[in-house]
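J.: give the three-dimensional model of this entry:
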Amino acid sequence: MQETVKQKMSQMKLYGMQQAYLSVLDKNHYHTLTNDEFIDLLIQAEWDERENRRVNHYLKSARFRYQASIEEVDFTNNRNLDKTTFLRLADCSFIKRKEDLLITGPTGAGKSFIASAIGHQACLNGYKTTYFNTQKLFTLLKMAKADGTYINFINKMEKQNLLILDDFGLQPLDAYSRNALMEIIEDRHGRKSTLISSQLPVANWYEIIGESTIADAILDRLVHKSHRIELKGDSMRKK
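T.: Below you'll find the model as predicted:
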């Protein structure tokens, strides 16, 4: 009967439950557990296994620039990163509230690392997250437009609880990129969270976006109710 149970668990893809069952049999703990305790152990093991698989899938799909975690963020250097404020953001409640986060600072200040760390934490908390270098994203969108997959691409991004746009503003947006950014921000505004990192202060984004009407619309949706991290200081790479 034990072999039959193991085979059926495998066929039903109850891998966590199967491992817990085998462990109990191997250690001969079955007789020390009540029926309720045994069932609870099996269900909890299956729950944990599925949660781990889900988190690992989110982390793999996100494709972060850095394999960064909250624990690795450095608060010792004088770069205007308040630990209390950062840890409040790291609990990902801003994602639950569907709010945005803007990270600015000079080259090497650690913007991408912090964005990746927050994204990693979001995955651990069960939020679908995806990371893009902003310029590469616009290139991918142009390619998707050409091969007919644009709508699917946009719809997939819209479903992400957290969208990270890194290195925004390295060069002025052309008309296509400007309109694509407007569509992305409009789709997500008040529905999902967006994290944008940039070397440029937010005050300079208007010029980078270009065309005043679209720039006003994008910044109106992004700026006024967003959280801010404004890094300063020398490059972390030098240190």
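J.: okay, now the domains of the chain?
T.: 2-61, 64-230 (automatic domain parsing).
J.: compute the first-to-last residue distance for stretch 80-96.
T.: Using C-alpha to C-alpha, to the nearest Å, one end of stretch 80-96 lies 26 Å from the other.
J.: can you list the buried residues in that stretch?
T.: Buried residues in stretch 80-96, counted by 16 or more other C-beta atoms under 10 Å: Leu81, Phe86, Leu89, Ala90, Cys92, Phe94, Ile95. For the C-beta atoms, the positions are set from N, CA and C on the backbone; glycine is no exception.
J.: now do stretch 218-237
T.: Ile218, Leu219, Arg221, Leu222, Ser226, Ile229, Leu231, Gly233, Met236.
J.: and His153, how many neighbours?
T.: Quick fix: residue 153 is Phe, not His. Per other C-beta atoms under 10 Å, the neighbour tally for Phe153 reads 16.
J.: residues contacting it?
T.: Counting by C-beta atoms under 8 Å, 6 or more residues apart in numbering, Phe153 touches Leu140, Leu141, Ala144.
J.: tell me the one of those nearest Phe64?
T.: Distance to Phe64, by C-beta to C-beta, is smallest for Leu140 among the contacts of Phe153, at 16.5 Å.
J.: of the domains of the chain, which shows the lowest average pLDDT?
T.: Least confidently modelled of the domains of the chain is domain 2-61, at a mean of 82 by mean pLDDT.
J.: start to end distance for that domain?
T.: 37 Å.
J.: do the same with stretch 210-229
T.: 24 Å.
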